[in-house]
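K.L.:
sequence below, structure please.
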Amino acid sequence: MSADYFTSMVIPMLEGAQMTVLLFLIAIVVSIPLGFVLTLAVKSSNRSIAGLANTYIYIMRGTPLLLQLLVICFGLPMLPGVGQYLVLDRFTAACLGFILNYAAYFAEIFRGGLLAIDKGQYEASQVLGFSKWQTMLRIILPQMFRVVLPAVSNESITLIKDTALLYAVAVPELLHFAQTAVNRDFSIMPFFIAGIIYLVMTLLLTVFFKWLERRFKFE
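P.N.:
From the prediction side, this is the model:
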């Protein structure tokens, strides 16, 4: 394999990896706080709000992410009457799909984290005169963060791999350029290189979350 050929194959794949990383960053930054809002909605004393939140989580976790992406990219514009207003740029539609899907998963992770907090923590905070928001911000959330960190780490690694689904909605990301090189050169090597790039990205994420675990003395 010549250096020129290797360069001509890898550079487009690295450009595609930039799209992969951009989608990951947008999805993770928006879906985590949205997931926590959903968790609060599930725990709401208002049955209607809790019911809607639970239904949303059930639908998003119970249907494939690929199906959701296809519906948002190609299905919504076909709706009678309003479809013309729901036509989105492919990347924007993909970001929306990933955010809505992963928010549901993060909501369940956060709910599990809150359930892991001893009820005595809430009672003690009331005795000390903390308000509900002070209790949540100063006592509950720091403990919950430690509990959910491994699960958030695992879900984040899954997210970086799921970005390969962009290929199915014609967004030019890493796998798109790898497939293009395979078809052009009749070689499986681009797939191996794409795999290495994914491994590097997941390794960086793993190292980052391990640092967070040590930082917050999880281990």
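K.L.:
now do the helices in this structure.
P.N.:
3-42, 47-62, 65-70, 90-115, 119-127, 132-135, 141-162, 174-185, 189-215 (DSSP state H).
K.L.:
most tightly surrounded among these?
P.N.:
Across the helices of the chain, averaging neighbours per residue (mean count of other C-beta atoms under 10 Å) puts helix 90-115 on top, at a mean of 21. All C-beta atoms are positioned from the backbone trio N, CA, C, and that covers glycine.
K.L.:
now it: average pLDDT?
P.N.:
Averaged over helix 90-115, pLDDT sits at 93.
K.L.:
stretch 170-181 too?
P.N.:
87.
K.L.:
tell me how far that stretch lies from the chain's centre.
P.N.:
Its chain's C-alpha centre and that of stretch 170-181 lie 20 Å apart, by C-alpha atoms, centre = their mean, to the nearest Å.
K.L.:
need the CA coordinates for it. CSV is fine.
P.N.:
Presented in CSV, the C-alpha positions along stretch 170-181 are these (Å, rounded to 0.1, in the frame of the first residue of the first chain):
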residue,chain,number,x,y,z
ALA,A,170,-27.3,9.9,3.7
VAL,A,171,-25.2,12.0,6.1
PRO,A,172,-21.5,11.8,5.0
GLU,A,173,-19.8,10.5,8.1
LEU,A,174,-17.0,8.1,8.8
LEU,A,175,-18.7,4.9,7.7
HIS,A,176,-19.9,6.6,4.5
PHE,A,177,-16.4,7.4,3.3
ALA,A,178,-15.2,3.9,4.3
GLN,A,179,-17.9,2.3,2.2
THR,A,180,-17.1,4.6,-0.7
ALA,A,181,-13.5,3.6,-0.5
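K.L.:
pull the residues that contact it.
P.N.:
For stretch 170-181, contacts defined as C-beta atoms under 8 Å, 6 or more residues apart in numbering pick out 9, 12-13, 15-17, 19-20, 23, 90-91, 94, 163-164, 166-167, 187, 190-191, 193-194, 197-198.
K.L.:
cool, and stretch 2-18?
P.N.:
With contact meaning C-beta under 8 Å, 6+ apart, stretch 2-18 is reached by 172-178, 180-181, 185, 189-190, 193-194, 197, 201.
K.L.:
which one of those sits closest to residue 114?
P.N.:
residue 201 (30.2 Å; C-beta to C-beta).
K.L.:
the closest one contacts residue 20, doesn't it?
P.N.:
Yes: using C-beta atoms under 8 Å, residue 201 is in contact with residue 20, at 7.4 Å.
K.L.:
and for these two, which residues touch both?
P.N.:
By C-beta under 8 Å, 6+ apart, the residues touching both residue 201 and residue 20 are residue 160.
K.L.:
quick revisit: residue 134: which of the contacts of stretch 2-18 is nearest?
P.N.:
residue 201 (38.6 Å).
K.L.:
spit out the contact partners of that closest one.
P.N.:
Residue 201 makes contacts with 17, 20, 21, 160, as judged by C-beta under 8 Å, 6+ apart.
K.L.:
hmm, 10 Å instead?
P.N.:
If a contact means C-beta atoms under 10 Å, 6 or more residues apart in numbering, then residue 201 has 17, 20, 21, 24, 157, 160, 161, 163, 174 as its contacts.
K.L.:
over to residue 196?
P.N.:
Going by C-beta under 10 Å, 6+ apart, the list of residues near residue 196 reads 10, 13.
K.L.:
fine, thanks again, bye for now.
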